[in-house]
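> 3D, please:
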Amino acid sequence: MDFANLKLLAVFATVVENGSFAAAARALNSSRSRISETVAQLEAALGVRLLQRSTRKLSLTQEGERVFAEACKLSQILHDTEAAISPPMPSGRVTLTLGHDIAHSVLLPVLADFYQAYPQIQLDLLIDDHKRDLIAEQIDLALRIGIPKDDSLIARVLHKEQVIVFASPSYLAKVGEPQNLSQLAACNWISLKQASADNVQRFLQQGQLVEVTPNTVIRCNSPLMVKKMVQAGLGVGALLPTTIRDELKKGDLVQIMPSLTSDPIIFALLYPSRRQLPLRTRVVIDYLLAAKLFY
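Below you'll find the predicted structure:
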C-alpha cells in the first residue's frame, strides 16, 4: 500500500467520526467536495466501497467497518509521536559551551534554580575560552562575547557592558594609585592576549581614543586567570565588571582611572537555527534569556 494513502485513511476516519462529509470538511478546514473526492480515492486504491452514501446519512459497509477500525489507530499514533518529541516535562541533554570566567561568575549562580525548574534536562557544559564550531561539533548553544559574522548562527543579545581598569588594594598599597595615563603605563599590566596582541591597551576617555603602552606586561589567554592574577596583586588589568561581582563586594578588587572605558562589549547566546528546535533546547534558551544573568 502506498504511504500516501495514510492521509486518505485519516480523512476517511474523520468523515466517519463526524458523521458527514460537510462536518468533516469543517473539522479539516476543507471543502465538502474535496473530502468526498479523498474518500473516493481511498476506495479506488483499496478496490472496495467503504461508505454507502444517501442524501440523509452515511453508513459503513462491512469492508468500511474493518478499515475504519484500523484507521482510528492513526490519531493515536500521531498523539504518541507528538508526545515522544514534546513531552509534558522537557527532558534530554543540551550542550552549552562558554568561557571559564562566564561559567563561574554568571552561569554557576543560576544552575540550582534551573535544575529545580527543569530536573529532567541534563546540561553538557563545555567550558572553553576558545571558540568552538557549533555546527561541526553538534553543540546546541554557546554563550559568547561578540556577535559572529556567520549567517548560519542565531544570536540573541543578553547583555552589554564596558571593560574597566581594576587593581587589588594590595598592589595599590605598593605602587600607589595611578592618577594619569603615564602613571598607569608604569604599572605592571595583566593583559588578555586575545584583546591586545600588541600589548597596547586602548580605551575611551571622554569619547576620545587613548592608548596605554605598559612597560611591563604579563599576557594570558584565559580571562579567568587574568582576573585571578589581578586579584593576587600581580598588576592592574582591564576586566568586565560582570565577571568580578563577588570580588568587588569583598573589596578584593577596586576600580582605578574611572575616566577610562572601552567600547561596549556584547554578550550573546548563539545557536544554529530557529527552526525545529527541540523543546529541551528552547526551554534552556528561554531560561537564560529570562534569568537576568548579568544583573
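
> Return the mean pLDDT over stretch 138-147, rounded to an integer.
Taken as a whole, stretch 138-147 carries a mean pLDDT of 92.

> Flag every buried residue along it.
Neighbour counts over stretch 138-147 (16 or more other C-beta atoms under 10 Å) mark 139, 140, 141, 142, 143, 144, 145 as buried. For glycine as for every other residue, the C-beta is placed from the backbone atoms N, C-alpha and C.

> End to end on it, go ahead and measure it.
Using C-alpha to C-alpha, to the nearest Å, the end-to-end distance of stretch 138-147 comes to 19 Å.

> so how far is that stretch off the chain centroid?
Distance, stretch centre to chain centre, for stretch 138-147: 8 Å (C-alpha atoms, centre = their mean, to the nearest Å).

> One more: stretch 166-180?
The answer for stretch 166-180 is 40 Å, by C-alpha atoms, centre = their mean.

> Closest one to residue 277 out of the buried residues of stretch 138-147, please.
residue 140 (8.7 Å; C-beta to C-beta).

> Which residues are in contact with that closest one?
94, 95, 96, 134, 271, 281, 284 (C-beta atoms under 8 Å, 6 or more residues apart in numbering).

> Over to residue 18?
24, 26, 27.

> before we move on, back to that, a markdown table for the contacts of residue 140, including neighbour count, distance to residue 8 and secondary structure?
Below are the contacts of residue 140 laid out as a markdown table (neighbours: other C-beta atoms under 10 Å; distance: C-beta to C-beta, whole Å; DSSP: H, G, I helix; E, B strand; the rest coil):
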| residue | neighbour count | distance to residue 8 | secondary structure |
| --- | --- | --- | --- |
| 94 | 21 | 39 | strand |
| 95 | 19 | 41 | strand |
| 96 | 21 | 44 | strand |
| 134 | 21 | 42 | coil |
| 271 | 20 | 38 | strand |
| 281 | 21 | 35 | helix |
| 284 | 24 | 40 | helix |
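
> ok, so of those residues, who is nearest residue 152?
residue 134 (8.5 Å).

> neighbour-wise, which of the contacts of residue 18 leads?
residue 24 (24 neighbours; other C-beta atoms under 10 Å).

> quick one: it and residue 10 touch, right?
No - counting by C-beta atoms under 8 Å, residue 24 stays clear of residue 10, with 10.5 Å between them.

> that older thread, including secondary structure and distance to residue 176, could the contacts of residue 18 go into TSV?
Shown next, in TSV, are the contacts of residue 18 (DSSP: H, G, I helix; E, B strand; the rest coil; distance: C-beta to C-beta, whole Å):
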residue	secondary structure	distance to residue 176
24	helix	86
26	helix	83
27	helix	81
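
> For the stretch 151-295 of the chain, give me the ranges with low pLDDT.
274 (pLDDT under 70).

> now the helices: where do they sit in it?
Using DSSP state H, counting those that start in this stretch, the helices of the stretch 151-295 of the chain run over 169-175, 181-185, 223-231, 245-250, 279-290.

> Just name the most buried of these.
Of all the helices of the stretch 151-295 of the chain, helix 223-231 carries the top mean neighbour count, a mean of 21, counting by mean count of other C-beta atoms under 10 Å.
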